[in-house]
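Undergrad: okay, here's the prediction I keep looking at, along with the sequence it came from:
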Amino acid sequence: KMSMFRLFRSPLPLSSLRCLSMFHSSASVFSNNPLGETVLYADHHIPKRRHTDFDGIVVSDKMQKSIVVAVTRFRLNNKYNKRQRYTKKFMAHDEDEVCEIGDKVRITMSRPISKRKAFKYLMTLEKVKKI
């Protein structure tokens, strides 16, 4: 079951949305705002994915300020007219080290940060369930 509220970067001030977390205990807390504010959004207000953004699953968080995200995409096979699924792993910069293995995250293209790292962590779409 997905939570009703999510936390993303937002131009809105924290004070305008702080009251949401008082009434909804299921609100998730994720912080990656450049202004250092934590903001909650309802599920139906999740920003659309741009062509430079990818959604994927975190498969490794063992490095400092870096994560590896497996992004699954589809391409059309013209001969058989079927969709072919393929997965590619990208390294992304996670400044606050908030991601854990299994989280569903959104990463975006950026300038090269290191030899293999040219993506930045943008937001968490779904946290992994702790058992």
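TA: Everything's here; your move.
Undergrad: low pLDDT regions in this structure?
TA: Filtered on pLDDT under 70, the chain yields the residue ranges 1-44.
Undergrad: okay, now residue 69: neighbour count?
TA: Each residue near residue 69 was counted by other CB atoms under 10 Å, and the total is 26. Backbone N, C-alpha and C define where each C-beta goes, glycine included.
Undergrad: what's the helix or strand for the nearest residue to it once chain neighbours are set aside?
TA: Leaving aside its sequence neighbours, residue 69 sits nearest to residue 56 (CB to CB, 6 or more residues apart in numbering; 4.1 Å). For residue 56, the host element (DSSP states H and E) is strand 53-60.
Undergrad: what pairs with that strand, and is each one parallel or antiparallel?
TA: strand 66-77 (antiparallel), strand 104-109 (antiparallel) (DSSP bridges).
Undergrad: tell me which of these sits most buried.
TA: strand 104-109 (a mean of 19; mean count of other CB atoms under 10 Å).
Undergrad: flag every buried residue along the helix or strand that comes right after that strand.
TA: Sequence-wise, the next helix or strand downstream of strand 104-109 (DSSP H and E) is strand 117-126. Under the neighbour-count criterion of 16 or more other CB atoms under 10 Å, strand 117-126 has 117-125 buried.
Undergrad: just want the angle from strand 117-126 to strand 53-60.
TA: Strand 117-126 runs at 90 degrees relative to strand 53-60, counting by axes from the mean of the first three to the mean of the last three CA atoms, to 10 degrees.
Undergrad: my guess is residue 111 contacts residue 117. True?
TA: No. Counting by CB atoms under 8 Å, residue 111 stays clear of residue 117, with 10.3 Å between them.
Undergrad: coming back round to it: my read is that the residue nearest to residue 69 contacts residue 103, right?
TA: No. Using CB under 8 Å as the test, residue 56 is too far from residue 103 to be in contact (9.7 Å).
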